[in-house]
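> Got a sequence here, can you model it:
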Amino acid sequence: MELKYIEPFWDDEFKDLDYRKEIFNDEYAIEKWRKDGYENSVESFSGEMANYKDRVPSWNNKFLDFAKECGLNDVGVCYYRMGTNEIIPKHSDAYNVYTEKFNCKTEDVQKILFFLDDWKSGHYFELEGHPFVGWVRGNYAQWNGSTEHFAANIGTEFRYTLQITGHR
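Okay, the predicted model is just below:
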């Protein structure tokens, strides 16, 4: 499994968005993580988000166009920033609100995760058990519905990504 790449068309405008902390709200996953040995407080099980309802970068529509070129419908974006010691252990996204709103099934949902910045020491991403480090701005991963993934920042610099969600 490899990361894909597009030539970056964006600048660092994503670093100045209005990020806010949203607590991970899947109680089943949080309980499982604690049983697995993750003793962190619930506040550590997430990063900070800026989404389509917020101010977005001037080049955001180019990402929406990319998603449409990939055949995705009803596309949403979420800019994501992980600070030091923030983790999201292995999980599968539920997409409950998304699938209900757009009348689709989880297996029809697609996620594209863009790395908006070059990898920094302590940044980590895992997809279906395959670890990724050393990415460059422009790398991205794409997966279907309930695919397991994992993200962490045990480094000292922010880890920035863009999550695009759509369905076929």
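
> A helix includes Asp65, no?
Yes - judged by DSSP: H, G, I helix; E, B strand; the rest coil, Asp65 forms part of a helix.

> going forward, begin numbering at 42 instead of 1
With the count now opening at 42, the last piece we talked about shows up as Asp106.

> any idea how far Phe50 is from it?
Per CB to CB, to the nearest Å, Asp106 is found 10 Å from Phe50. The way it works is simple: take the backbone N, C-alpha and C, and place the C-beta from them, glycine included.

> try Asp115
In this view, Asp115 and Phe50 are 23 Å apart by CB to CB.

> So these two - more neighbours on which side?
Per other CB atoms under 10 Å, whichever of Asp115 and Phe50 has more neighbours is Asp115, with 14 against 10.

> Look up the pLDDT of that one for me, please.
Turning to Asp115, the model gives it a pLDDT of 97.

> Ok, Val174 next?
Val174 is given a pLDDT of 98.

> residues near it, how many?
The burial count for Val174: 12, using other CB under 10 Å.

> ok, now Ile129?
Other residues within reach of Ile129, judged by other CB under 10 Å, total 19.

> who's it bridged to?
Beta-bridge pairing for Ile129 (DSSP bridges): Ala192.
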